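>>> After the sequence you'll find the predicted model.
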Amino acid sequence: MTVPVRHIASRDNPDYRAWLRLAQGRPGRHDTRVILEGEHLCRAWLEHKGVPQTLVVGESALSLDWVGPIWQDCVRSRRIVLQDNLAAVLSQVEHGPAVFFIVDPPAPQPPARITAGCLWLDRVQDPGNLGTLLRTAAAAGLKQAYLSNGCASAWSPKVLRSGQGAHFALDIHERVDLSVLTRQTDIPLAATTLERAEILYIKDLRQPCVWLFGNEGQGVADDLLELASWRVHIPQSAAVESLNVAAAAAICLFEQRRQQLVAAVRARTSRREKNQ
C-alpha cells in the first residue's frame, strides 16, 4: 500500500482525542463532524457521498482485503494509521475492524413544499429506535425525514449503527419545528393514535402522506396531533399496552407500500386486458 500520510501512536494526539469524543457521542462544542465505523457505513459513504474528509485505519486492519480498495479510493484525502491499541479504544463495535471515516454530515436544503411521502419524528429519544425508524423509512421508499427538537442526534454513532446505511438514502432534516412545517405540506399528515382513529388496515393509504410518529412514552404532542389529517390505529391484543414506536412505524409504512403495490399491479393488469 501507499505509505500513509500520518501514523498516530499517542493518545495525547489532539486529532485522536477529538475522534474519541465523536465516537463517544460527545463532540466538542464547535465540532460538527461525525465518525463512521466499519465496512458497511464506509462503503455506503463512498457510494453516495464520495471521498471522506479523513480515513483512519488501525494497523491490523490494513491487511484486510476490503480495506485496500477503500484506501485507494481515498488517495486524495488524508489517510491516517492508528496504533492498534488506540484503534481498539476508538472502536464502538466489539471485535470490529478498525476502519473509520471522519466526515461532515450532509446538510440538504429542505423543499419549498412537501409533496412526497416522508417521515416526521416528534421527540424520539432512543438512538436505537431512531436508527431503526430511518432504516424502515428508507426501506419503504421514503426519501426525506424531518426530526423535531428533542430527537436524538441522527448522526450519533448509535443511530448510525442502527440505521445501517439508511442515512445515505434519505435527506435528513434535524431540529425542525414540525408545527410550522405543516403550513408547507400539500399532502395529508397521518398520525397513530387511539383517539378518534380509523383502523389502519381499512384506511385507503394509496396516496402519499406524511407519517408522524412520536415520543416513546408520550406519543405525538397534542398540538401536532390536532393538525393531523388522518388518525389511524393498529389493532392489537390487549396483552400489551402499546407497540414500540419503530415497530408501529414499520407496520404503517409497509401497509401503505402494500396498498400502493397492489394498486399498481391491478392498474397494469387492467391496461393489459384492455389492449388484448
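Nice, I can see it. Numbering: from 1, shown residues only.
>>> Going by C-alpha atoms from here, please, whenever you check contacts or count neighbours.
Will do.
>>> now the helices for the stretch 1-150 of the chain?
14-23, 39-48, 67-73, 84-90, 127-139 (DSSP state H, counting those that start in this stretch).
>>> which one of the ones you listed is the most hemmed in?
By mean neighbour count, with neighbours taken as mean count of other CA atoms under 10 Å, helix 127-139 ranks first of the helices of the stretch 1-150 of the chain at a mean of 23.
>>> How about residues contacting that helix?
118-119, 124, 143, 145, 152-154, 156, 158-167, 169-170, 245-246, 249-250, 253 (CA atoms under 8 Å, 6 or more residues apart in numbering).
>>> give me that answer again for 6 Å
Applying CA atoms under 6 Å, 6 or more residues apart in numbering, the contact partners of helix 127-139 are 152, 158-159, 162-163, 166, 246.
>>> what stretches of this protein score poorly on pLDDT?
Applying pLDDT under 70 to the chain picks out residues 1-5.
>>> got a list of what E174 touches?
Counting by CA under 6 Å, 6+ apart, E174 has contacts L147.
>>> And what about it, helix, strand or coil?
strand (DSSP: H, G, I helix; E, B strand; the rest coil).
>>> if I look at it, how far off is P52?
Counting by CA to CA, to the nearest Å, the separation of E174 from P52 is 22 Å.
>>> likewise V89?
21 Å.
>>> try A138
For A138, the distance to P52 - CA to CA - is 23 Å.
>>> E255 too?
For E255 relative to P52 (CA to CA), the value is 37 Å.
>>> When these two are compared, which one has more neighbours?
P52 (21 against 18; other CA atoms under 10 Å).
>>> for that one, what are its contacts?
Taking CA under 6 Å, 6+ apart, one finds V103 in contact with P52.
>>> Check the spacing between it and P188 real quick.
From P52 over to P188 the distance is 38 Å, taken as CA to CA.
>>> What of I199?
Counting by CA to CA, the separation of I199 from P188 is 16 Å.
>>> Same check on A9?
55 Å.
>>> Repeat that for Y16.
Y16 is 47 Å from P188, by CA to CA.
>>> Kindly report the same for S162.
In terms of CA to CA, S162 sits 29 Å off from P188.
>>> Equivalent analysis for S242, please.
S242 is 24 Å from P188, by CA to CA.
>>> what about those two, which has more around it?
Neighbours per residue, other CA under 10 Å: of S242 and P188, the larger number sits with P188, 18 against 13.
>>> What separation do you get for the nearest residue to that one once chain neighbours are set aside and T182?
Excluding its sequence neighbours, the residue lying closest to P188 (CA to CA, 6 or more residues apart in numbering) is C209, at 4.9 Å. For C209, the distance to T182 (CA to CA) stands at 12 Å.
>>> do the same with R21
36 Å.
>>> and if you look at R268?
Distance from R268 to T182, counting by CA to CA: 34 Å.
>>> any idea where the strands of the stretch 101-250 of the chain begin and end?
118-122, 144-148, 171-176, 189-192, 198-199, 210-214, 230-233 (DSSP state E, counting those that start in this stretch).
>>> who does the last one pair up with?
So that's strand 230-233. strand 189-192 (parallel), strand 198-199 (parallel) (DSSP bridges).
>>> One more: the third one?
Within its sheet, strand 171-176 is paired with strand 144-148 (parallel), according to DSSP bridges.
>>> Over to the first one?
Strands adjacent to strand 118-122 in the sheet, as given by DSSP bridges, are strand 144-148 (parallel), strand 210-214 (parallel).
>>> contacting residues around the closest residue in space to E39 that isn't next to it in sequence?
Computed as CA to CA, 6+ apart, the closest residue to E39 that is not its neighbour in sequence is V99, at 7.2 Å. By CA under 6 Å, 6+ apart, V99 lies in contact with 37-38, 56-57.
>>> Which stretch among the strands paired with strand 230-233 is buried most, on average?
Mean neighbour counts for those (mean count of other CA under 10 Å) peak at strand 189-192, with a mean of 24.
>>> quick one on the thing from earlier: show me which of R268 and T182 is the more surrounded one.
Of the pair R268 and T182, T182 is the one with more neighbours under other CA under 10 Å, namely 18 against 10.
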